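[1] this one's sequence-less:
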């Protein structure tokens, strides 16, 4: 494996970690409603746990409201049961055709709790990225020991790995700042 391949592998792994973090952050509630809040909910659809997105249309008609319109109206009760068992902090309302979830405004305490959760998740992503850096550096050290890299190339690749880590840690910081700002907006 060449030094370019090591860097490409590192970039791919860092990108994957950042994408995973962003997907996880979508599930954290902010002052606004989001379809991602119900993405992980599974509904018993004729004996099979099915994601809501595969059995209903999810829309956001108002900033704090989620509207779920099932493709099969007979599944409305199952949908309501599944949504009621989540920790959204709001009870769904059934009008016979659709499910409406009106999210209450976040209290100051909830905002602090969600902001702390975001910071914790971002730190976990940074730790994962640092572990990736360690793995990449071990691989580079092995290449150096096998004679595949000169001393100068070895130091250069390790510096490039560190620069790559800094680039992605900065992206994590930006993501964290944006999400915390979104949570703290009233």
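    Yep, that arrived. Just so it is clear, the structure is predicted and the values come from calculations on it, not from any experiment.

[2] burial of the closest residue to residue 77 other than its chain neighbours, as a residue count?
    Sequence neighbours aside, residue 94 is the residue nearest to residue 77 in space, at 7.8 Å (criterion: Cβ to Cβ, 6 or more residues apart in numbering). For glycine as for every other residue, the C-beta is placed from the backbone atoms N, C-alpha and C. Using other Cβ atoms under 10 Å, residue 94 has 14 other residues around it.

[3] counting residues per helix, which one in the protein is longest?
    Ordering each helix of the chain by length in residues (DSSP state H) puts helix 108-145 first.

[4] Which strands or helices does that helix pack on?
    Where contact means 3 or more Cβ pairs under 8 Å, 6 or more residues apart in numbering; DSSP states H and E, helix 108-145 is packed against helix 3-26, helix 151-184.

[5] in its sheet, what does the helix or strand just after the first one sit against?
    Beyond helix 3-26 in the direction of the C-terminus, DSSP states H and E gives the next helix or strand as strand 42-45. Sheet pairing here is set by DSSP bridges, and for strand 42-45 it gives strand 48-51 (antiparallel).

[6] remind me which residues of this protein are low pLDDT?
    1, 186 (pLDDT under 70).

[7] Using the record, which stretches count as separate domains in it?
    Split into domains by automatic domain parsing, the chain comes to 3-27+107-184, 35-102.

[8] Tell me how far the shortest one lies from the chain's centre.
    This means domain 35-102. Taking Cα atoms, centre = their mean, to the nearest Å, the mean C-alpha location of domain 35-102 is offset from the chain mean by 20 Å.

[9] Could you tell me the end-to-end distance of it?
    13 Å (Cα to Cα, to the nearest Å).

[10] just the first one next, same as before
    Across its full length, domain 3-27+107-184 reaches 43 Å between end residues, using Cα to Cα.

[11] Just want to check the distance between the residue lying farthest from the centre of the chain and residue 154.
    The centre of the chain is farthest from one residue, residue 147, which by Cα atoms, centre = their mean lies 40.7 Å away. For residue 147, the distance to residue 154 equals 11 Å [Cβ to Cβ, to the nearest Å].
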